[in-house]
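Trainee: Here's my sequence, what's the structure:
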Amino acid sequence: MRIVCDAHIPFLLEAVQKAWPQVEIYPMKQEEIDAEAVKKADVLIVRTRTKVNEALLVGSHVQLVCTATIGFDHIDTAYCESHGIRWMSCPGCNAQAVCDYIEEALQETKAQGTIGIVGVGHVGSLVAKMAERRGMKVLLNDTPKGIGVSLDDIAQNCDIITFHVPLDKTTYHLCDKALLNQCKPNALIINAARGGVVDEQALIHSGHPFILDTWENEPNIHPEVLANAQLASMHIAGYSVEGKRNASQMCLDAIAGQFNLPKIDISRSRGLDISNEKGDSAFGWISRISDQLKADPTAFEALRKAYPLRGV
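Mentor: Reported below is the predicted structural model:
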C-alpha cells in the first residue's frame, strides 16, 4: 500500500512509519503532487492548494482522497464518486483556532455591537458562544439548516458580519453588492471561510471596513483589496497545533478504517509532539501578520508555509 501526502501536513510521516511499517508513504511538496506522482498511490492526502480532479487522478490507483482541511471545494467530488474513489474532509478540525482568530480580530479592531454569523456549523457555533461571552448581541443565519434570521436581516441589523460557510455554487459571492448595499454604514465584514464567498470588488467599492484571511485567486491576491483591508492574513486562521493534530488524526482514522489497519492515536505517539512550536499569540498578532503581508503581497504563499503553528 502506498500513500502520497503533502509534506506540510504534520504527524503523518512519523506516525505511519512507526505504526504501519508495511505502508509506503511519500511526503511531497504541493507543486510535486501531479498525475505521475499519484499514479501508483492508493491514498492521497492533500491541503487546499492541490486540485484533485480528473487530470490528477485519471489512470491512478487512488482509492481514498483525504484533505486535511475543513473545506473541500478543491476536490472534484463528482469525479471521485463516479469512479469509486472515496473522499473525506476534516470538518471541525480547526474550528477553535478560527474562532480564536475572530476573537483576536474583534479585540484588535475594538469592534462592538451586534454580530451576524453566517453559517452555523462547527466554527460559527463557537463564534456565537464566544461573542455571547463577550456580551455581544448575536444574530445567526444558516439558510440550509433553517437556523436564525434571513441574510437581509443580518445585513440590516449587524455592526459586524462574519462568514463561516463552505464555498459552493450557493455561497459563491454570497456577500455581493446587493447585500453590502443593505448593510449598516461602517459595518465590519470578516471572511475567514473561503475566498469567493465574498465578492472582493464589490467589497472594496462598498466602503465597508473588512478583514480577510481567505481570498479570491489565492495566492495571487488582488493588491488593491489587500491595501484596503483593515486586517489581512494569508489563510492561516485555522493554523494551530491542535487544529493540525485533529486533521491528521481524522485522515489516519479514515485510512485505518478503509484498509483495515490498526488505529493510530497520534496524541499518544511518542516523538510526535510539536506543541513547543508556538507561533505569536500575544495581542496584536493579526496586525503583525497584516503588516508583513502588506509589505510584500507576492510573499503570500511563502509567509503561509513559514507560519509557525499557534499553540493550544
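Trainee: In three-state terms, label Glu224 for me.
Mentor: helix (DSSP: H, G, I helix; E, B strand; the rest coil).
Trainee: so what's it scoring on pLDDT?
Mentor: On the pLDDT scale, Glu224 is placed at 97.
Trainee: Below-threshold pLDDT in the stretch 151-300 of the chain: ranges please.
Mentor: Low-confidence segments of the stretch 151-300 of the chain, defined by pLDDT under 70: 268-278.
Trainee: separation between the closest residue in space to Cys66 that isn't next to it in sequence and Val58?
Mentor: Spatially, and ignoring its direct neighbours in sequence, Cys66 is nearest to Cys251 (4.1 Å; C-beta to C-beta, 6 or more residues apart in numbering). In this view, the C-beta of every residue, glycine as well, is placed from N, C-alpha and C. Look at Cys251 and Val58: by C-beta to C-beta, to the nearest Å, they are 23 Å apart.
Trainee: When these two are compared, which one has more neighbours?
Mentor: Between Cys251 and Val58, counting by other C-beta atoms under 10 Å, Cys251 is the more crowded of the two (27 against 11).
Trainee: any idea which element the more buried one lies in?
Mentor: helix 241-259 (DSSP states H and E).
Trainee: domain parsing for this structure?
Mentor: 2-93+240-268, 95-238+286-306 (automatic domain parsing).
Trainee: what helices or strands is the helix holding Cys251 leaning on?
Mentor: On a contact count with 3 or more C-beta pairs under 8 Å, 6 or more residues apart in numbering; DSSP states H and E, helix 241-259 meets helix 12-19, strand 43-46, strand 64-67, strand 86-88, helix 95-109.
Trainee: May I see the buried residues of the last one?
Mentor: Within helix 95-109, the residues that qualify as buried by neighbour count (16 or more other C-beta atoms under 10 Å) are 95-106, 108-109.
Trainee: what residues does the strand or helix carrying Ser287 touch?
Mentor: Of the helices and strands defined by DSSP H and E, Ser287 is found in helix 285-295. If you take C-beta atoms under 8 Å, 6 or more residues apart in numbering as the criterion, helix 285-295 is touched by 101, 104-105, 108, 211, 226-227, 229, 231-234, 236, 279-280, 299-300, 303, 307.
Trainee: PyMOL command to pick out the buried ones of these?
Mentor: Filtering these down to the buried ones (16+ other C-beta under 10 Å) takes a single PyMOL command:
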select buried, resi 101+104+105+108+211+226+229+231+232+233+234+236+300+303+307
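Trainee: how many neighbours does Gly238 have?
Mentor: Neighbourhood size, Gly238 [other C-beta under 10 Å]: 26.
Trainee: Which members of the contacts of helix 285-295 are positioned in strands?
Mentor: Counting by DSSP state E, the part of the contacts of helix 285-295 found in strands is 211, 231-232.
Trainee: need those in a markdown table with distance to Leu151, can you?
Mentor: As requested, those are exported to a markdown table (distance: C-beta to C-beta, whole Å):
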| residue | distance to Leu151 |
| --- | --- |
| Ile211 | 19 |
| Leu231 | 24 |
| Ala232 | 25 |
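Trainee: Which of these sits closest to Gly311?
Mentor: Leu231 (21.0 Å; C-beta to C-beta).
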